[in-house]
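J.: coordinates only, no sequence provided:
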């Protein structure tokens, strides 16, 4: 059986088809974008509005690191300007004689997987995961993509949960007292699913079951894992 869900975590996906994914598996590596400015006219010693006569690219073109971008030839000498990094030309400004290049670079920031299973298919930001069995439910007020192992607790017993109890866990509880969401988040819970509306949820992974009549079924699930798809406001309960 397979389930397909979207991820909205920004960055470069690190998964491959056929890969067995665990909670410690790198999911996304952060990609940072920068704009660099090359003062072509100044470096070549030409009028700003003559820049188009000396560059070999147009807006939208890609350029490789160290690729010749502009040149000026004279009877006795020639000068060339190379791009310092790979990227895409976003602007050629004839008023300042500058070329702007958007570059991307992978940083050391890595988001770990919040699900487990075997990757069956990848299509842009959609991932299809092979699982043993699953059920899906519509959600509302979804904050973030998240997932983990399923833990059900009554509100009165939430205070008993420790950091060791919460790692890679999604907490299912009918309601949450003020301040409890933040505590669960600080202790490392992957997220919280509730039946009742959550008043304090800013910055904390959470969602509410859209159909309150389904709560009995949801909270008594035999499935071991959960994935919350923010884009489609859908929760997948699944077993491996």
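T.: Arrived safely, thanks for sending. None of these values were measured; they are calculated from a predicted model. Numbering: from 1, shown residues only.
J.: domain-wise, how is the protein divided?
T.: The chain breaks down by automatic domain parsing into domains covering 32-106, 132-239.
J.: let me see the mean pLDDT of the shortest one.
T.: By that I understand domain 32-106. The average pLDDT within domain 32-106 is 89.
J.: ok, now stretch 164-184?
T.: Taken as a whole, stretch 164-184 has a mean pLDDT of 83.
J.: related to what we said a few turns ago, figure out which of the domains of the chain is closest to residue 125.
T.: When those are compared for distance to residue 125 using C-beta to C-beta, the nearest one is domain 132-239, at 7.9 Å. From N, CA and C alone the C-beta is placed, and that goes for glycine too.
J.: the closest one: end-to-end distance?
T.: Terminal residues of domain 132-239 are spaced 6 Å apart (C-alpha to C-alpha, to the nearest Å).
J.: re earlier: winner for burial among the domains of the chain?
T.: A comparison of the domains of the chain by mean neighbour count, using mean count of other C-beta atoms under 10 Å, puts domain 132-239 on top with a mean of 18.
J.: residue contacts, residue 233?
T.: Applying C-beta atoms under 8 Å, 6 or more residues apart in numbering to residue 233 gives the contacts 138-140, 142, 207, 210.
J.: so which of those residues would you say is closest to residue 39?
T.: Proximity of the contacts of residue 233 to residue 39 (C-beta to C-beta) peaks at residue 142, which lies at 46.4 Å.
J.: which residues touch the closest one?
T.: For residue 142, the contact set (C-beta under 8 Å, 6+ apart) comprises 206-207, 228, 230, 233.
J.: show me where the chain has helices.
T.: For the chain, the helices defined by DSSP state H occupy 40-44, 163-166, 180-186, 215-219.
J.: picking that back up, can you list the domains of the chain in CSV and add distance to residue 16?
T.: Putting the domains of the chain into CSV (distance: least, C-beta to C-beta, whole Å) gives the following:
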stretch, distance to residue 16
domain 32-106, 16
domain 132-239, 19
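J.: please name whichever of those domains is nearest to residue 6.
T.: Between the domains of the chain, domain 132-239 lies closest to residue 6; by C-beta to C-beta that is 4.2 Å.
J.: just give me the closest of the contacts of residue 142 to residue 112.
T.: Nearest to residue 112 among the contacts of residue 142, with distances taken as C-beta to C-beta, is residue 228, at 15.7 Å.
J.: so who does the spatially closest residue to residue 63 that is not a sequence neighbour touch?
T.: Spatial nearest neighbour of residue 63, chain neighbours left out: residue 83 (4.5 Å); criterion: C-beta to C-beta, 6 or more residues apart in numbering. By C-beta under 8 Å, 6+ apart, the contact list for residue 83 reads 38, 63-67, 69, 101.
J.: switch the cut-off to 10 Å
T.: Counting by C-beta atoms under 10 Å, 6 or more residues apart in numbering, residue 83 makes contact with 36, 38, 57, 62-70, 89, 99, 101, 103.
J.: the strand ranked longest in the chain pairs with which strands, parallel or anti?
T.: Assignment by DSSP state E gives strand 98-112 as the longest strand of the chain. Here strand 98-112 has these sheet partners by DSSP bridges: strand 26-38 (antiparallel), strand 87-93 (antiparallel).
J.: distance of the residue most central in space within the chain relative to residue 1?
T.: Closest residue to the average C-alpha location of the chain: residue 9 at 1.4 Å, with C-alpha atoms, centre = their mean. Between residue 9 and residue 1 the computed distance is 24 Å (C-beta to C-beta, to the nearest Å).
J.: likewise residue 119?
T.: Per C-beta to C-beta, residue 119 is found 14 Å from residue 1.
J.: thanks a lot, catch you later.
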